[in-house]
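Q: Here is a sequence together with a model predicted from it:
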Amino acid sequence: MADRTLRGTRIGSTSLQGEEGVELSPRRTVEYLTDRGVRFSVLFDADAEPPAEWVDQKSGEIGFLDDEAGRAARAEFEEKESSQRTPWDMLIERRTREELEELLEERLQLLRARRGAK
């Protein structure tokens, strides 16, 4: 008798509502293209405006729409990526290469003096 009380549905884990009479909203498939030439598709609502860029779930690469908006987004992304300043760029803005070499030599002498003293 105890076995019968444990039988039944898993409450909360599955829905008891069927899909009868349910009308899904219209959808459309949008294709994206990565830099490696890999095409992948994403399903969107028919009324939704697809973004110009989307991350591929399999490879993690950024894909762009294969149309004018996608080409503009790709150009903007590449421009932003190439214009990023590295720590070296910021350092060169503040000091000349000669000043940096002089500072390096001073720090190396300090380190050598510490090692020699111990």
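A: The structure has been received and is ready for your questions.

Q: May I see the buried residues of stretch 49-67?
A: Buried positions in stretch 49-67, judged by neighbour count with 16 or more other Cβ atoms under 10 Å: 50, 52-54, 56, 63-65. C-beta: built from backbone N, CA, C; applies to glycine.

Q: quick one: which of those residues is nearest to residue 90?
A: If you rank the buried residues of stretch 49-67 by distance to residue 90 using Cβ to Cβ, residue 53 comes first, at 27.5 Å.

Q: So which of the buried residues of stretch 49-67 is the closest to residue 93?
A: Among the buried residues of stretch 49-67, residue 53 lies closest to residue 93 (Cβ to Cβ), at 30.4 Å.

Q: For the closest one, give me its contacts.
A: The contact partners of residue 53, taken as Cβ atoms under 8 Å, 6 or more residues apart in numbering, are 32, 62-65, 70, 73-74, 77.

Q: picking that back up, among the buried residues of stretch 49-67, which are located in strands?
A: The strands, defined by DSSP state E, take in 53-54, 63-65 from the buried residues of stretch 49-67.

Q: after the worst-scoring helix or strand of the chain on mean pLDDT, next one along is what?
A: Every helix and strand of the chain was ranked by mean pLDDT, DSSP states H and E. The lowest is helix 2-6, at a mean of 51. Per DSSP states H and E, the first helix or strand lying C-terminal to helix 2-6 is strand 27-33.

Q: Now do the buried residues in that following strand.
A: 30, 32-33.

Q: now this protein, which segments are flagged as low pLDDT?
A: 1-16, 81-83, 117-118 (pLDDT under 70).
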